[in-house]
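In: got a predicted structure here, sequence first:
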There are 2 protein chains.
Amino acid sequence: MDDVTIPLDAETKVAERPDDHKTELRLWLRIFTCKMLIEGEVRRRLREQFDVTLPRFDLMAQLDRAPNGMTLGELSQRMMVTNGNVTGLVDRLAAQKLVARRPAPHDRRAQIVSLTAEGRKAFRAMARANGNWIAEILGDLSPGETSELMRLLDKAKASARKASAKRGTS
Amino acid sequence: MDDVTIPLDAETKVAERPDDHKTELRLWLRIFTCKMLIEGEVRRRLREQFDVTLPRFDLMAQLDRAPNGMTLGELSQRMMVTNGNVTGLVDRLAAQKLVARRPAPHDRRAQIVSLTAEGRKAFRAMARANGNWIAEILGDLSPGETSELMRLLDKAKASARKASAKRGTS
DNA sequence: GGCGATTATTTTAGACTTAAAATAATTCAC
DNA sequence: GTGAATTATTTTAAGTCTAAAATAATCGCC
């Protein structure tokens, strides 16, 4: 057994085949394009129909799933944005009385943010519309295609997470 | 033939099933997450290894494919960002001598932007690295999975484009 | 108990981004 | 040819975003 195929991890594969990676680049571009198209449409409709920005909607969506609220750090992790970014978003949403800050029990460093009654009501109306929009925007995919796409994106996600994680792990 | 299934377009489907569209929302979320993971990693490496921002790299990538340069409007279309955004990016890249503006022949409104020799050289080095990164980041997908993902995303893209286009077309 | 390391948040500076209004040039119908 | 509509770009104002430094509080170890 001399010419067995040795399984290679992604990095090794890359090192050994110094080609231009056209296929992977096109896949990345396609993910990017899909995201931009969907996001652009949702952003436009949120602004026109609810006079709200997408980042604020996203933040409220996180809070809606956490009846007891969550800390700023948790928010920034789930939204995949920096801490400072969340500080500013919460500031603006709090100025609109859509969210409220309160001190965290047992930890005077942290604050817990949650939707106000008004914020929850506003969010629910927007979320209903948003669900319809997304279903419309992705409406040409069959249920089978949708779940296959979901499965493959999940794999892509895991692959990307692995690549990012490698850094801290020498 | 009374109970035939009538094909419905996306909008009709949405109107008839006022459910919560959980599946579609999860698919959208997954696209978003993949984009953020890949983009975050690429952004970080571009900054650390080349001291360049992702938007500037993206703009240069567009120009690299157009040996004769392109107008600001063309750039903004291809990058899927606003005109004003491109104006600023070109300003900053021109200040670094990586791109140059010149008047368009036959149209005094327009300007053509192209890579300088220095810009092209810098871009080529970054592009080579970028190709390797993307291949590494998406490295856990088999060739078959990659092409299937590409096909499905293409369908999603077409669906989203259709939904955005409907607007202008009443 | 005290002190260094960690963690949560805010601040800062700069860049990116959008939407909308303003400028300037072209095109097209007449 | 003239003027209205269109097109290319820039400007403006406000918001979003990042990376890095600064604050402030907690934790862990002795």
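Out: Thanks, I have the structure now.

In: what's the helix or strand harbouring A:Trp133 packed up against?
Out: Using DSSP states H and E, A:Trp133 sits in helix A:117-137. Packed against helix A:117-137, as judged by 3 or more Cβ pairs under 8 Å, 6 or more residues apart in numbering or on different chains; DSSP states H and E, are the following elements: helix A:22-50, helix A:54-64, helix B:10-16, helix B:22-50, helix B:143-166. Quick note: C-beta positions are derived from backbone N, CA and C, even for glycine.

In: and the first one, average pLDDT?
Out: For helix A:22-50, the mean per-residue pLDDT is 96.

In: tell me the buried residues in that helix?
Out: A:23-25, A:27-28, A:30-39, A:41-42, A:45-46, A:50 (16 or more other Cβ atoms under 10 Å in any protein chain shown).

In: and chain A, which residues reach DNA strand C?
Out: Contact residues, chain A versus DNA strand C (Cβ under 7 Å from any atom of the strand): A:40, A:43-44, A:47, A:71-74, A:82-84, A:86-88, A:90, A:101, A:104, A:107, A:109-112.

In: out of the residues you listed, which end up buried?
Out: For those, buried by 16+ other Cβ under 10 Å: A:71-72, A:74, A:86, A:90, A:111-112.

In: between these, which sits nearest chain B?
Out: The closest of those to chain B turns out to be A:Val86 (Cβ to the nearest Cβ; 14.6 Å).

In: distance check, the closest one against A:Phe123.
Out: Distance of A:Val86 to A:Phe123, given as Cβ to Cβ, to the nearest Å: 17 Å.

In: repeat for A:Glu148
Out: 31 Å.

In: comparing these two, which shows the higher neighbour count?
Out: A:Phe123 (23 against 16; other Cβ atoms under 10 Å in any protein chain shown).

In: leaving out chain neighbours, which residue sits closest to the more buried one?
Out: Distances taken as Cβ to Cβ, 6 or more residues apart in numbering or on different chains put A:Met60 closest to A:Phe123, at 4.4 Å, once the chain neighbours are dropped.

In: assumed A:Ile112 was part of a strand.
Out: Yes: counting by DSSP: H, G, I helix; E, B strand; the rest coil, A:Ile112 is located in a strand.

In: next one, pLDDT for it please.
Out: 97.

In: got it, and A:Trp133?
Out: At A:Trp133, pLDDT is 96.

In: hang on, A:Phe32 packs against B:Met36?
Out: No: A:Phe32 lies out of contact with B:Met36 (Cβ atoms under 8 Å); the separation is 10.8 Å.

In: list the contacts of the helix holding A:Trp133.
Out: For helix A:117-137, the external contacting residues (Cβ atoms under 8 Å, 6 or more residues apart in numbering or on different chains) are A:37-38, A:41-42, A:45-46, A:49-50, A:52, A:57, A:60-61, A:63-64, A:93, A:97-99, A:115, B:10-11, B:13-14, B:20-21, B:24-25, B:28, B:159-160, B:163-164.

In: any idea of the pLDDT on the residue nearest the centre of chain A?
Out: In chain A, the C-alpha nearest the mean C-alpha coordinate belongs to A:Met79, at 5.5 Å (Cα atoms, centre = their mean). Looking at A:Met79, its pLDDT is 97.

In: gap between it and A:Phe123?
Out: A:Met79 is 15 Å from A:Phe123, by Cβ to Cβ.

In: pLDDT weak spots in chain A?
Out: Residue ranges of chain A with pLDDT under 70: A:1-18, A:167-170.

In: do that again at 80, thanks
Out: A:1-20, A:166-170 (pLDDT under 80).

In: what does chain A have sitting close to DNA strand D?
Out: A:53, A:55-56, A:80-85, A:88-89, A:92, A:106-109.

In: does any bit of stretch A:34-51 sit next to chain B?
Out: Yes: against chain B, stretch A:34-51 shows contacts by Cβ under 8 Å from any Cβ of the partner chain at A:34-41.

In: how about stretch A:75-88?
Out: Yes: using Cβ under 8 Å from any Cβ, stretch A:75-88 reaches chain B at A:Met80.
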